[in-house]
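# here is a sequence with its predicted model. Questions after.
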Amino acid sequence: QLQLVESGGGLVQPGGSLRLSCAASGFTLGYYAIGWFRQAPGKEREGVSCISRSGGSTNYADSVKGRFTISRDNAKNTVYLQMNSLKPEDTAIYYCAAGSIYGLGSQYDYWGQGTQVTVSS
C-alpha cells in the first residue's frame, strides 16, 4: 500500500522552528518529486516548497523564502521541511505529496494525511 506520512507538526511560538518529515512506505520516494503544501482554515491550499527527485532543484513560495528549507534523504525514504522564523500566518495543515513532475504547480499523485502546524503565543 502506497502511503505518505507527515510528522513533526505542533504548537510553536512566533519566531520558533519546526521540522516536518514526510516518510514514504510501499514505494521508493526517490523516484518522485515531492511537494509540501498547506491549507489554512477558510483558505485555498497553497504550494509551499518542492524538491526534485535528486534533490538538486528546489523551489519555494515567496511567503516562505529565506525561512523554510526543503531537503530529502532518499536512503531514508524521507523528505524534510525545516521551518524557521515561524509566523502566525504559517498556521495551517501541512501536506506532502509525491508526483512525477517537479514544480509547485504540478499535479501530484500521492498525498499524506497532513500535520497541523500552529504558530501562536
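Nice, I can see it. Numbers count the residues shown, from 1 in each chain.
# tell me which residue is most central in this structure.
W36 (2.8 Å; CA atoms, centre = their mean).
# now name the helix or strand holding that residue.
strand 33-39 (DSSP states H and E).
# so which elements touch that strand?
Here strand 33-39 touches strand 18-25, strand 46-51, strand 68-73, strand 78-83, strand 92-99, going by 3 or more CB pairs under 8 Å, 6 or more residues apart in numbering; DSSP states H and E. C-beta: built from backbone N, CA, C; applies to glycine.
# so what strands line up beside that strand?
Take DSSP bridges as the rule and strand 33-39 pairs in its sheet with strand 46-51 (antiparallel), strand 92-99 (antiparallel).
# surely the residue nearest to the centre of the chain and M83 touch.
No. W36 is beyond contact range of M83, at 9.5 Å (criterion: CB atoms under 8 Å).
# which residues are common contacts for these two?
L20 (CB atoms under 8 Å, 6 or more residues apart in numbering).
# show me what contacts the residue nearest to the centre of the chain?
20, 22, 47-50, 70, 79, 81, 94-97.
# please redo it, this time with the cut-off set to 7 Å
Residues in contact with W36 (CB atoms under 7 Å, 6 or more residues apart in numbering) are 48-49, 70, 81, 94, 96.
# what do you get for A24?
Neighbours of A24 in contact, by CB under 7 Å, 6+ apart: 4, 77, 98.
# what bridges to it?
Assigned bridge partners for A24, using DSSP bridges, are L4.
# tell me how far it lies from G105.
Going from A24 to G105 by CB to CB, to the nearest Å gives 22 Å.
# with L29 instead?
On the measure of CB to CB, L29 and G105 end up 21 Å apart.
# of these two, who's got more company?
Between L29 and G105, counting by other CB atoms under 10 Å, L29 is the more crowded of the two (23 against 9).
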